[in-house]
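1. Sequence below, structure please.
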Amino acid sequence: MDKWMLKAWEWLWPEMRKILSALLLVAIVSFAVFLLVHYSGVTRASVAFLLPVVIAAIRWGPVAAMAATIIGVAPMVFLLYDPIYDLKVSDPQQVLDLGLYVFVAVVVSRLAAPVERGARAGRGQRSPAGGGRFGFARIADPTRLDPGVGDRARFGGAGRK
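-> Predicted structure coming up:
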């Protein structure tokens, strides 16, 4: 294998692992929804397919969440829309529902991306600029609010009154 191919694989494999993990979550949710549909007759469980999107966005970032969103459409149509166990979408309302699902999944994955970056920073990986997630470490620093507090904390004295 060429050196550039090996370098590309080293970069690509972690992303592929995240995407495959997200797809595994979609498969698990699909199986659970199948059991609900088959044994209890549930017909409104499309919100369940947002669960893998949220978990993937928080745990692995927006790319894995987008993969979970795109792949989650097929089992949702197959299991929940009439005709059941078919990939046909016969009602325009269902098309609107799918569009809304994709929109909400994209928004959720984008909103959860900072959480994933904060978790990455907590694991000791490269943190965002500004020292911590959204710079909260600087905001929560009591010495920035009242220098006397910092003096009391540092020197054990009364500080400024």
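
2. what ranges do the helices span in the protein?
-> Residue ranges of the helices in the chain, as given by DSSP state H, are 3-40, 50-60, 62-80, 92-122, 136-139, 142-145, 147-155.

3. any idea of the mean pLDDT for the last one?
-> Here helix 147-155 scores 53 as its mean pLDDT.

4. pLDDT weak spots in this protein?
-> Filtered on pLDDT under 70, the chain yields the residue ranges 1, 113, 116-117, 119-120, 123-161.

5. At the geometric centre of the chain, which residue do we find?
-> With distances taken as C-alpha atoms, centre = their mean, the chain has A57 as the residue nearest its mean C-alpha position (1.2 Å).

6. Distance check, that one against S30.
-> Plainly put, A57 is 18 Å away from S30 if you go by C-beta to C-beta, to the nearest Å. Every C-beta, even on glycine, is put in place using the N, C-alpha and C of the backbone.

7. How about P62?
-> For P62 relative to S30 (C-beta to C-beta), the value is 21 Å.

8. That'll do, ta.
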